[in-house]
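1. Okay, sequence plus prediction incoming.
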Amino acid sequence: DGGITQSPKYLFRKEGQNVTLSCEQNLNHDAMYWYRQDPGQGLRLIYYSQIVNDFQKGDIAEGYSVSREKKESFPLTVTSAQKNPTAFYLCASSLGLGWSTEAFFGQGTRLTVV
Amino acid sequence: AQKITQTQPGMFVQEKEAVTLDCTYDTSDPSYGLFWYKQPSSGEMIFLIYQGSYDQQNATEGRYSLNFQKARKSANLVISASQLGDSAMYFCAMREGRETSGSRLTFGEGTQLTVNP
């Protein structure tokens, strides 16, 4: 079955450590996205990528980094510079770049920093 | 500036009744798409319905319909015959056509819908 896989589902890390969240898709989608969701709030865009080896900052990119070396993969690293990293992280992808294409989401990773 | 506004943090509806979730948007781009997603307590985001800015008719998908009023810049979601499984968070989102926006999808704050038996 085609879809987007995020792993792990739950992640615990100590303060000051970098951590990488995995996102893989087998939908052959060009565009991929990372969103952050805090309790009771909407989704905020961290980074997005329209093609391999290219990505753009979203609204809250500080303290995060990404790479897009393969079309299927868009990992997100939460660095120690991110002041409040505990949140729910959602990865998404869309087939094209146009304004009419919907995004498909993974199951999310809940990161807790202690 | 907030591009997507959902003014109802929480809504309650009786099972089998219809409910309307409000969404207003702000854009100067003539080309845009509007999307509604459902997020159950499990956290996954489920795509429900899409409306394009040039579409003449309101979109419908099963029990979901979109009341699109372009002049008012509103795209309200109507759920008919509510079911207990409809209890979830609902998000309105927009994607603009302008080149500087790339392909980013912007979300509202969401509305928590509770269906009562």
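-> Structure's in. What do you need?

2. Can you pull up the most central residue in chain A?
-> For chain A, the residue nearest the mean C-alpha position is A:Trp34 (2.8 Å; Cα atoms, centre = their mean).

3. where does chain B come near chain A, residue by residue?
-> B:31-33, B:35, B:37, B:42-45, B:47, B:50, B:52-53, B:91, B:95-97, B:102-110 (Cβ under 8 Å from any Cβ of the partner chain). Quick note: C-beta positions are derived from backbone N, CA and C, even for glycine.

4. B:Glu61: neighbour count?
-> By the measure other Cβ atoms under 10 Å in any protein chain shown, the count of residues near B:Glu61 is 12.

5. go on, the one 10 residues further on?
-> Here the neighbour count serves as a burial measure; for B:Ala71 (other Cβ under 10 Å) it reads 5.

6. Over to A:Glu15?
-> Using other Cβ under 10 Å, A:Glu15 is surrounded by 9 other residues.

7. what pairs with the closest residue in space to it that isn't next to it in sequence across the strands?
-> Distance criterion Cβ to Cβ, 6 or more residues apart in numbering or on different chains; nearest residue to A:Glu15, sequence neighbours excluded, is A:Val113 at 5.5 Å. Note on A:Val113: beta-bridge partners A:Arg13, judged by DSSP bridges.

8. residues touching A:Val113, list them.
-> Counting by Cβ atoms under 8 Å, 6 or more residues apart in numbering or on different chains, A:Val113 touches A:Phe12, A:Arg13, A:Lys14, A:Glu15, A:Pro85, A:Thr86.

9. need those in CSV with pLDDT, can you?
-> Output for those, formatted as CSV (pLDDT from 0 to 100):
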residue, pLDDT
A:Phe12, 93
A:Arg13, 91
A:Lys14, 91
A:Glu15, 89
A:Pro85, 93
A:Thr86, 95
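
10. Can you turn the buried part of the residues you listed into a PyMOL selection?
-> Applying 16 or more other Cβ atoms under 10 Å in any protein chain shown to these, the buried members can be selected in PyMOL as follows:
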select buried, chain A and resi 13+85+86
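
11. near chain B, which residues of chain A?
-> The interface of chain A toward chain B, taken as Cβ under 8 Å from any Cβ, is made up of A:31, A:33, A:35, A:40-45, A:48, A:50, A:56, A:58, A:88, A:90, A:92, A:94, A:96-108, A:110.
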